[in-house]
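1. With the sequence up front, the predicted model follows.
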Amino acid sequence: MPVTDNANNLLQITFDGNQVTPVFSQFSGRIAQVMAEVGTMVRAGQTIAMIDTPDIVGLQTDYLQALTTERSSRTTLELSQRTRERAAPSHLARVGECLKPIVERAAEKNVRLGIEGRRGYEEIPSEREIPQLLDEIAAPHVGYWHDMGHIQIKENLGFLDHTEWLRTIAPRTIGCHMQDVNWPGQDHQPPFLGDMRLEPLTRMLPRNCQIVWELSPRLSREEILQSRTIWKERFGE
């Protein structure tokens, strides 16, 4: 403790303000138990008092309600997944049949076709089904079309890992819809102005990949120009 000299030349012992730390509770309430007296040495994280507060009742209620909602949502998701997987084989077969004349006509006209990754989990084909579909088509002018927004939304919702999927499918990727996403599901945002880690994903695309910017019509001219400037700095023209 520092020693000071007052106006009457009497010595006065005071607390060193640099060695004093005020302790506050996050909640209001009645102190039910004190576990550290004045002068006791304490350490970070040590309990020094117990407080009886009515605030905890509301927090417990909110927690239990959130837990119930999470369980209900998980049950609904699992049911939707089972329903989708049961229906998938027949619908996937129809997709293959519908694509046959399109693939043949495209070959005659020297047109490349890209099968785009979808946004909704229930849509066909899924990321698990796309390689199988491409194998069945087995045509050099047909490949995968990546959509940055669709796949990022699926990652945000916990359905897949964007990086791992792109690493897997990149050799078969012929095109990409370039866009950013505001978490969790607002896509068609200007590249590099959203919440995605867009640059490393973009660098995973094949060098000959056709990139098309797919942006919301509600974007301002300034936002698009800012995005284009960043793109040119990182990737050139």
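-> Structure received.
2. Would you state the strands of this structure in chain order?
-> Listed in chain order, the strands of the chain (DSSP state E) span 3-5, 11-13, 30-34, 49-52, 113-116, 142-147, 173-178, 180-182, 186-189, 210-213.
3. May I see the ones you listed organised as JSON lines, with mean neighbour count added?
-> No exception for glycine: its C-beta is placed from N, CA and C like everyone else's. Shown next, in JSON lines, are the strands of the chain (neighbours: other Cβ atoms under 10 Å):
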{"stretch": "strand 3-5", "mean neighbour count": "9"}
{"stretch": "strand 11-13", "mean neighbour count": "9"}
{"stretch": "strand 30-34", "mean neighbour count": "10"}
{"stretch": "strand 49-52", "mean neighbour count": "12"}
{"stretch": "strand 113-116", "mean neighbour count": "18"}
{"stretch": "strand 142-147", "mean neighbour count": "22"}
{"stretch": "strand 173-178", "mean neighbour count": "22"}
{"stretch": "strand 180-182", "mean neighbour count": "19"}
{"stretch": "strand 186-189", "mean neighbour count": "19"}
{"stretch": "strand 210-213", "mean neighbour count": "14"}
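4. If I average pLDDT within each of these, which one is lowest?
-> In terms of mean pLDDT, the lowest-scoring of the strands of the chain is strand 3-5 (a mean of 54).
5. For this structure, spot the helix or strand the model is least confident about on average.
-> strand 3-5 (a mean of 54; mean pLDDT, DSSP states H and E).
6. Touching, residue 114 and residue 139? I think so.
-> No: Residue 114 is beyond contact range of residue 139, at 11.9 Å (criterion: Cβ atoms under 8 Å).
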